[in-house]
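Trainee: okay, here's the prediction I keep looking at, along with the sequence it came from:
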Amino acid sequence: QVQLAESGGGAVQTGGSLSLSCTASGLPTGHYNWGWFRQAPGREREFVAAIHWSRISTFYADSVKGRFTISKDQDKNTALLQMSSLKPEDTAVYYCALHRTTASISKYAAPYDYWGQGTQVTVSS
C-alpha cells in the first residue's frame, strides 16, 4: 500500500520560512515525478512545484518562483519543499503527490497517482 507522509507545516509570520517534507513508502518499482500542490479555503487546488524523477528539471508556479525550492532524495524516497519569504497568500493545505512516469513533469493534478494527506501552512501578516 502506497503511503505519502508529509510533515513540516506550521504557522509563521510574513517573511518567514518553512520546509515541508514528504516521504513515500510502499511504492511499486518505477520512476516518479514529485509534485507539490496547495489548496486554500474556498479555492481550487493549485500547482506549486514539481521535480522530474531524474532531478534534471524542476518547475514552479509563477507565484512561488524564486521563493520556493523543490528537491528530492532518491535513496530515501523523500521530497522537500523549502519555502522562504512567505506571504499570507501562501496560506493553504499543502499536498505532495507522485506521478509514475518517465515523461516530463506536469503542473496538472490529474496525472498524479498518489497523494499525501496534506499539511497546513499558515502565514500571518
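Mentor: Right, received. Where do you want to start?
Trainee: just grab the bridge partners of the nearest residue to Gly10 once chain neighbours are set aside for me.
Mentor: Nearest residue to Gly10, sequence neighbours excluded (Cβ to Cβ, 6 or more residues apart in numbering): Leu18, at 6.1 Å. C-beta coordinates here come from the backbone N, C-alpha and C atoms, glycine included. Using DSSP bridges, the bridge partners assigned to Leu18 are Met83.
Trainee: and Leu18, how many neighbours?
Mentor: Counted by other Cβ atoms under 10 Å, the residues lying close to Leu18 total 21.
Trainee: try Ser124
Mentor: 11.
Trainee: can you pull the contacts of the closest residue to Tyr114 other than its chain neighbours?
Mentor: Leaving aside its chain neighbours, Tyr114 sits nearest to Leu98 (4.4 Å; criterion: Cβ to Cβ, 6+ apart). If a contact means Cβ atoms under 8 Å, 6 or more residues apart in numbering, then Leu98 has 2, 4, 24, 27, 32-35, 112-114 as its contacts.
Trainee: just the residues you listed: which are in strands?
Mentor: Residues of the contacts of Leu98 located in strands (DSSP state E): 4, 24, 32-35, 114.
Trainee: just the buried members of those?
Mentor: 4, 24, 32-35, 114 (16 or more other Cβ atoms under 10 Å).
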